[in-house]
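> let's see this in three dimensions:
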Amino acid sequence: MHPHDGADWPKLVWIVDNRTEENPVPIATCPLPPVETFARRGGRYGAHNLWENLPKENCWKSDRIVFGTFFNGGLRAYDTSNPYQPAEIAYFVPQVANAPTGACQINDRLCR
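Residues are numbered from 1 along each chain as shown. Model prediction:
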């Protein structure tokens, strides 16, 4: 086991009620990729970046689906229709041969 395997987890994706801008209230967190599978897989583990619905041509946009990256936990998609109970609806975790950490380290998404 590498000494930095998952050392910085848990890092969470928080859902915040910001209807009153002066008083944002955390109401939920998105489910983490399974800790028993990813926390000691190699490299970093936990939430890093979210897809920000960039106002660029050809970028995918949604007011309900949120994408987030979790380093060795891959790319995750969450349905936030019920903001008090966001649900994971899809994920992608590539297998990486000969990775220095022993696992993928996804920390961002691209807009094409």
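> going forward, measure contacts between C-alpha atoms and count neighbours the same way
Noted.
> chain neighbours aside, what residue packs nearest to the residue positioned nearest the centre of the chain?
For the chain, the residue nearest the mean C-alpha position is residue 68 (3.1 Å; C-alpha atoms, centre = their mean). Nearest non-adjacent residue to residue 68, counting by C-alpha to C-alpha, 6 or more residues apart in numbering: residue 50, 4.3 Å away.
> quick one, phi/psi of the one you found?
Main-chain dihedrals, residue 50, degrees, to the nearest 10: phi -120, psi 150.
> residue boundaries of the helices in the protein?
Assigned by DSSP state H, the chain shows helices spanning 35-38.
> quick one: low-confidence parts of it?
Along the chain, segments meeting pLDDT under 70 span 1-9, 97, 99-102, 104, 106-112.
> one step back: and for the residue nearest to residue 68, the neighbour number?
Close neighbours of residue 50, defined as other C-alpha atoms under 10 Å, add up to 18.
> that one reaches residue 70, doesn't it?
No: Residue 50 is beyond contact range of residue 70, at 9.6 Å (criterion: C-alpha atoms under 8 Å).
> fine by me, we can end here.
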